[in-house]
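A.B. asks: this one's structure only:
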């Protein structure tokens with residue numbers, strides 16, 4: 001520390017070499033670091049915004065996915081119900097046809113018996 005005539009002491013700041021542009025190197029490093037930090041903060045803010053937008057879009061897609069699943073499940077249930085009713089209808093029709101076939105066979109047997117009786121009477 002160097003003394004002055006007024007009795008107040010001042011700390012002397014050591015002189016540093018200046019670069020070609022007349023700036024002190026430590027100021028250049030500090031300025032560059034501040035600029036880098038500002039760029040990083042801007043990039044982080046942009047990234048944060050992009051992530052928030054992506055999260056919103058993902059939420060929208062998930063919501064639409066749930067809606068679509070519900071609609072598809074409803075359509076599948078309706079189709080399954082329709083097929084079940086059609087199956088029951090076809091089964092009932094099949095039973096009816098089997099009953100008709102049985103009735104026709106009975107009539108066929110009766111006709112065969114009548115023919116045999118007719119042939120017996122005719123002879």
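C.D. replies: Okay, I see it. From a predicted model like this one, the values you see are computed outputs, not experimental measurements.
A.B. asks: Give me the local confidence score for residue 28.
C.D. replies: Listed pLDDT for residue 28 reads 81.
A.B. asks: what about the strands in the protein?
C.D. replies: 2-3, 9-10 (DSSP state E).
A.B. asks: low pLDDT regions in this structure?
C.D. replies: 1-25 (pLDDT under 70).
A.B. asks: Now for residue 28, how many residues are close by?
C.D. replies: 13 (other Cβ atoms under 10 Å). Just so you know, the C-beta spots here come from the backbone N, C-alpha and C atoms, and that holds for glycine as well.
A.B. asks: mind checking how far it is from residue 35?
C.D. replies: 10 Å (Cβ to Cβ, to the nearest Å).
A.B. asks: Residue 92 too?
C.D. replies: 84 Å.
A.B. asks: Same check on residue 90?
C.D. replies: Counting by Cβ to Cβ, the gap from residue 90 to residue 35 is 80 Å.
A.B. asks: same question, residue 77
C.D. replies: 62 Å.
A.B. asks: And residue 118, by the same measure?
C.D. replies: 120 Å.
A.B. asks: Could you do residue 57 as well?
C.D. replies: 33 Å.
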